[in-house]
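> sequence and predicted model, in that order:
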Amino acid sequence: MLSTYLGFHLVLTIPLLVLLWVLIPDYEPTRRRRGAAGLTILVAIAYAYTTPWGSYMIRRGVWWYGDGVVTASLLSIPAGEYLFFAIQTLTVGFYLYWRGFDPRYEPGDFDLAPRIAGVVAGAALFGGGLWMVLQQDSWLYLGGLLAWVGPVVALQWAVGGGYLVRRPRAWIEAAVVPTIYLWIIDRWAIGQGLWVLSEQYTTGIAPFGLPIEEILFFLSAGVMTVTGLVLFEWVLAWNDQRTAVVAE
């Protein structure tokens with residue numbers, strides 16, 4: 001069963017996803033609705049934003065799949081990869097709601113300093129990534145990844161950098177802990193030949209046998225998902241307070 005992409009999910013990703021879903025506390029109705037809406041939006045964004053990038057990378061030969069691993073594909077992306085877009089987003093999101101976070105707006109959350117710093121960091125990631133892509137072939141995956149991440153980082157921090165700095169613990173934990181598990185199973189899959197990374201288009205840096213590009217991909221995707229979810233609820237909480245003040 002583990003010799004196919006769909007079998008990989010049935011054994012190694014979907015059971016964890018179901019477990020986290022079962023463990024989520026029973027939030028009050030408004031938080032449940034907002035959480036469901038945020039997850040739905042983030043999954044849709046994951047498909048819209050990742051599909052063109054992933055399709056390009058696969059067609060360039062940055063990575064490919066072992067014999068018999070792929071059962072169906074669209075735009076060069078296997079069905080199992082499309083499933084991964086939703087599974088990773090939901091796994092990280094379910095972990096976030098299991099451990100909990102406080103989305104309340106507080107004065108100072110719109111401070112300019114962290115917002116500007118986040119925009120600068122995002123722009124640097126984007127610019128640095130494009131520069132890498134234009135260099136040697138070995139920088140293609142890493143540079144393409146950084147260029148893909150940069151605009152999202154800039155946008156998210158431009159909106160809520162002050163809040164993210166004020167309450168970092170929840171979103172950092174929720175991004176890192178599920179990612180560690182994803183690193184482990186990704187390393188296993190690479191070792192089994194389920195997917196193969198090109199030596200030509202990667203740096204060759206691989207701590208514990210896991211390419212640095214894969215490490216950064218799963219971590220950055222987790223961070224973008226979690227910060228997207230906490231900022232979604234934070235913006236709604238801010239709007240609640242603003243509306244309540246206007247109504248008084």
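Done, it's in.

> so where do the helices sit in this protein?
For the chain, applying DSSP state H gives helices covering 5-8, 14-23, 29-60, 79-99, 112-133, 140-166, 168-192, 212-247.

> how about the residue nearest the centre of the chain, what does it touch?
Nearest to the mean C-alpha position of the chain, counting by CA atoms, centre = their mean, stands residue 221 at 1.9 Å. For residue 221, the contacting residues are 46, 50, 88, 89, 92, by CB atoms under 8 Å, 6 or more residues apart in numbering. Every residue, glycine included, has its C-beta placed from N, CA and C.

> ok, residue 39 next?
89, 90, 93, 229.

> go again using 6 Å as the cut-off
Counting by CB atoms under 6 Å, 6 or more residues apart in numbering, residue 39 touches residue 93.

> just the pLDDT for it.
Confidence at residue 39, expressed as pLDDT, is 98.

> now the residue nearest to the centre of the chain: how far from residue 214?
Using CB to CB, to the nearest Å, we find residue 221 at a distance of 11 Å from residue 214.

> picking that back up, distance to residue 206 added to the helices of the chain, as JSON lines?
Listed next are the helices of the chain as JSON lines, based on distance: least, CB to CB, whole Å:
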{"stretch": "helix 5-8", "distance to residue 206": "20"}
{"stretch": "helix 14-23", "distance to residue 206": "24"}
{"stretch": "helix 29-60", "distance to residue 206": "18"}
{"stretch": "helix 79-99", "distance to residue 206": "20"}
{"stretch": "helix 112-133", "distance to residue 206": "18"}
{"stretch": "helix 140-166", "distance to residue 206": "12"}
{"stretch": "helix 168-192", "distance to residue 206": "9"}
{"stretch": "helix 212-247", "distance to residue 206": "7"}
